[in-house]
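> what would the 3D arrangement of this be:
(one chain, ligands or ions: 2)
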Amino acid sequence: MTTHQLHSRTAFHTLQASRFAAFNRAHAFVYHLALLALLGHRLATVTLLSSPLLLADLVLAFMWLSAQAFRWRPVRRQEFPDRLLQEVEPKQLPALDVYICTADPHREPPASVASTALSAMAFDYPTDRLSVYVSDDGGSAVTLFAFMEAARFARYWLPFCKENGVATRSPEAYFSSDRGGESEKMRIMYQSMKERVENAMERGYVQGNDMVFDEDDERETFDNWKTFSRNDHPSVIKVLLESSKDSDITGNALPNLVYISREKSPASHHHFKAGALNVLTRVSSCMSNAPVILTLDCDMYSNNPRSPLRALCYFLDPAFSADLAFVQFPQRFQGINRNDIYASQIRRLFTIHSRGMDGLRGPNYVGTGCFFARRALHGAGPSSSSSSFPPPESNSSLLSSESALRKAHEVAACTYEDSTKWGTLIGFRYGSLVEDFHTGYRLHCEGWKSVFCDPVRSAFLGDVPKNLNDGLNQCKRWIVGLYEVAFSSHDPLTFGSRKASLLLGLCYGYYSFWGAWCIPLITYGLLPQLALLYQTPLFPKASEPWFYLYAYLFFAAYGHDLVEFLADGGSIRSWWNDQRIWMIRGITSFLFGTVEFALNKVGVSAPGFVVTSKVMEDEQAERYEKGAFYFGAQSPFFAVLGTVALVNLSSLAVGIARAAMANEVFDEMLVQLFLSAFVAANCWPIYEAMFLRRDGGKMPRKITLISSAFAGLLHWIGFLVKLHA
Ligand SMILES: O=c1ccn([C@@H]2O[C@H](COP(=O)(O)OP(=O)(O)O[C@H]3O[C@H](CO)[C@@H](O)[C@H](O)[C@H]3O)[C@@H](O)[C@H]2O)c(=O)[nH]1
Ligand SMILES: [Mn+2]
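Numbers count the residues shown, from 1 in each chain. Ligands and ions are numbered 1, 2, ... in the order given. I've put the predicted structure just below:
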């Protein structure tokens, strides 16, 4: 029991260990014995043909073992913002800097990005200590324009939210559901602002008709912009709202709002989002320099205006916060269809495993919805930084003062980081496409801890890729980034387990090698099926005792997974979809990511960050809403899926036919028959898309043909192997 529980009547937060922990440990003990027996049996019976299964089982064993770390001590926390407010005067609350990253106005519509900013500006937080900074890696004049519009709209929107007790403070989200009465005027105002932004977006630049330029300076900015290109332009830093000068229509101060597009040049590396976050960290330190920082992706709007207070329940607890680097809220999403066909919620990553890590030293940083102590980004471990929180008052001079702006431009320059420790020891860390995973991991290694904060009303909501191909591409990028950490000089298994803890090292090890799932998934998705076709048994007979070992290992793993999923609030249908997508990712994203990482390693290609699209055509939206898969892209992923689906279908058909004729086939081949049937059941949407559907989401003819050719090739190889065996 912690001290916080003892004083739970006044504590700002409490912690409760999960009742599952004891069960998990007992189960892990039994399961590991079975796993050892399996590996022993495999080794003793290994043949040339079954040797890939041995490798697959070894990878499975590693995955299982490292995943037990998440189950060792899951915890749940609760925080009490009202108690905090009883003890801390609003004037004593630390300043808060919010960072919002955007990178591409075509994939991330500027009006939605501005909506996210408005939701953060409308936090239940003293506006004179709140600043919102947006980083625009897209270098888009339209995004700046959208933020200028948002700055004007904020004068009405903030008082509207507070007077009407609105909880959904992103205007985009608020007006997407039908509202009448009072909000009609606001809706019209928002719609017309959105239209102006969209018109400028369509045109591609901002002109005098779009807005009344307040100052010549504004006109000049947009005129100069016409010579900029995305990858080559000077820094643009604009203070759009300044708390000490600007107020809303009721006379209350507005938060600071600052637009930044860092300098870009083809000659320097920009380190994707991590680079953007580091510029934000430095520019904001020249301006508001708040001790608390919130990072948000441009699509992750605030859905709970009190989340800053919740984070402060931890940061303002002096007995707790000395080594607290960040408070992570789960990534949650809006607009997911009923049974979450693409398993977009990724419950395991975003909640189940986060709770597991929270019982060790804290959840991983997942890039958005995360409050940081600024000092944790200074590169000194917790013991050497000042233990009191919050640190002394932030800058009080004007954000837009000439000196602040001069300094800000200096630190946003693309050569500023040359021969500094930014990205290696200071700030957000470079070297991985999953800068969030990497940064959180390194902070844990430095001795910092983190907290997982999961209020009943989700704190933030974002968009998910609602198209299978986009989702698989996103996952592929993650895999490449995760391997970059796995094969760095700070690899989780050796370095991490020493510096953080053995269990945390295993957690990070599990994810850094996430892509290795492709080995067992591809092996188990093809080999037993081909062997079934050519009547080669690879598993014990159903009448042998060893059979029960396999059955136990399979059903216990799936069962445990299901129980965890249901306990997290999932349904059986969405669990089924989740495990299906895991298989699909395994043989596509994980495989392609593994290959891509290897190619990067030998210098054939270089890592790139393809921003996930947050826009969707109406037809696609409708199809997604109905729960139909979308296969209508010429994607190499789909060719792999089609191949595996066809191999399983043919082996299942042949296997059943043979088993119907001879009983001993059933006995000998039960495991292989089961595997074919199980994979085929999972492949149902693929068969539909190949053979049954007529709509735009069906598999393109070409992909079906390529898949059939590959499947045929595999059958033929199987046949040759059988001939020679
Ligand atoms: O060069 C870049 C590339 C991306 N971004 C921003 O990074 C965010 C995440 O990009 P997105 O395409 O949405 O990637 P996802 O894969 O959906 O993002 C997940 O994975 C990322 C990498 O691990 C994390 O940074 C994110 O927080 C996490 O939500 C967006 O706001 C982008 O605008 C930049 O600012 N600069
Ligand atoms: Mn995203």
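
> so what are the domain limits for the chain?
Domain assignment for the chain by automatic domain parsing gives 26-72+493-724, 81-464.

> most packed of the ones you listed?
Most buried of the domains of the chain, by mean neighbour count (mean count of other C-beta atoms under 10 Å): domain 81-464, with a mean of 20. For glycine as for every other residue, the C-beta is placed from the backbone atoms N, C-alpha and C.

> let me see the mean pLDDT of it.
Throughout domain 81-464, pLDDT has a mean value of 93.

> what's the answer for stretch 632-641, then?
Across stretch 632-641, the average pLDDT comes to 96.

> hmm, back to that, redo the domains of the chain as TSV? Include distance to ligand 1.
Listed next are the domains of the chain as TSV, based on distance: least, C-beta to the nearest ligand atom, whole Å:
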stretch	distance to ligand 1
domain 26-72+493-724	4
domain 81-464	2
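
> out of those, flag the one nearest residue 478.
With C-beta to C-beta as the measure, domain 81-464 is the member of these nearest residue 478 (5.6 Å).

> and the closest one, end to end?
From its first residue to its last, domain 81-464 covers 30 Å (C-alpha to C-alpha, to the nearest Å).

> ok, now stretch 207-218?
Start-to-end span of stretch 207-218 (C-alpha to C-alpha) is 11 Å.

> ok now that stretch, how far from the chain's centre?
From the chain centre to the centre of stretch 207-218 is a distance of 38 Å (C-alpha atoms, centre = their mean, to the nearest Å).

> could you check how many residues crowd around residue 488?
Applying other C-beta atoms under 10 Å, we find 17 residues neighbouring residue 488.

> actually, residue 25.
By other C-beta under 10 Å, the residues close to residue 25 number 13.

> show me what contacts it?
By C-beta atoms under 8 Å, 6 or more residues apart in numbering, the residues touching residue 25 are 71-72.

> mind checking how far it is from residue 73?
The spacing between residue 25 and residue 73, counted by C-beta to C-beta, to the nearest Å, is 9 Å.

> how about the CA coordinates for stretch 248-255, as PDB?
Written as PDB, here are the backbone C-alpha positions of stretch 248-255 (Å, rounded to 0.1, in the frame of the first residue of the first chain):
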ATOM      1  CA  ASP A 248     -12.500  37.800 -25.400                       C
ATOM      2  CA  ILE A 249     -15.800  39.500 -25.900                       C
ATOM      3  CA  THR A 250     -16.600  39.300 -22.200                       C
ATOM      4  CA  GLY A 251     -13.300  41.000 -21.400                       C
ATOM      5  CA  ASN A 252     -11.500  37.900 -20.100                       C
ATOM      6  CA  ALA A 253      -7.900  37.400 -21.100                       C
ATOM      7  CA  LEU A 254      -7.300  35.100 -24.000                       C
ATOM      8  CA  PRO A 255      -4.500  32.500 -24.000                       C
END
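
> which other residues reach that stretch?
Stretch 248-255 is contacted from outside by 121, 127-128, 130-132, 151, 154-156, 158-159, 241, 243-244, 246-247, using C-beta under 8 Å, 6+ apart.

> list the contacts for residue 704?
Contacts of residue 704 by C-beta under 8 Å, 6+ apart are 642, 690.

> that one sits in which helix or strand?
helix 701-724 (DSSP states H and E).

> quick check: what element follows the helix or strand where residue 158 lies along the chain?
Element membership for residue 158 (DSSP H and E) is helix 141-164. As assigned by DSSP H and E, the chain's next helix or strand after helix 141-164 is helix 171-176.

> roughly how far is that following helix from the heart of the chain?
For helix 171-176, the distance to the chain centre is 23 Å (C-alpha atoms, centre = their mean).

> for the following helix or strand past it, packing partners?
Per DSSP H and E, helix 171-176 leads on to helix 184-203 as the next helix or strand towards the C-terminus. Contact analysis of helix 184-203 by 3 or more C-beta pairs under 8 Å, 6 or more residues apart in numbering; DSSP states H and E lists helix 110-121, helix 141-164, helix 171-176 as its packing neighbours.

> measure residue 312 to residue 704 for me?
Noted for residue 312: a distance of 56 Å to residue 704, by C-beta to C-beta.

> list of residues touching stretch 33-41?
With C-beta under 8 Å, 6+ apart as the test, stretch 33-41 has contacts from 54, 57-58, 61, 64, 540, 546, 549-550, 552-553, 556.

> let's see 7 Å
57, 61, 64, 546, 549, 552-553 (C-beta atoms under 7 Å, 6 or more residues apart in numbering).

> can I get those in JSON lines including secondary structure?
Formatted as JSON lines, those follow (DSSP: H, G, I helix; E, B strand; the rest coil):
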{"residue": "57", "secondary structure": "helix"}
{"residue": "61", "secondary structure": "helix"}
{"residue": "64", "secondary structure": "helix"}
{"residue": "546", "secondary structure": "helix"}
{"residue": "549", "secondary structure": "helix"}
{"residue": "552", "secondary structure": "helix"}
{"residue": "553", "secondary structure": "helix"}
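
> in a markdown table: those, plus pLDDT.
Output for the contacts of stretch 33-41, formatted as a markdown table (pLDDT from 0 to 100):
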| residue | pLDDT |
| --- | --- |
| 57 | 97 |
| 61 | 97 |
| 64 | 97 |
| 546 | 96 |
| 549 | 97 |
| 552 | 98 |
| 553 | 97 |
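
> residues in contact with the most centrally placed residue in the chain?
Central residue of the chain (C-alpha atoms, centre = their mean): residue 366, 5.6 Å from the mean position. By C-beta under 7 Å, 6+ apart, the contact set of residue 366 is 328, 331, 350, 436.

> give me the subset of these that lies in strands.
Of those, the ones assigned to strands by DSSP state E are residue 328.

> for the contacts of residue 366, which one is nearest residue 141?
Proximity of the contacts of residue 366 to residue 141 was ranked by C-beta to C-beta; the top entry is residue 436 with 28.7 Å.

> quick one: the closest one and residue 367 touch, right?
Yes. The pair residue 436 and residue 367 passes the contact test of C-beta atoms under 7 Å, sitting 3.5 Å apart.
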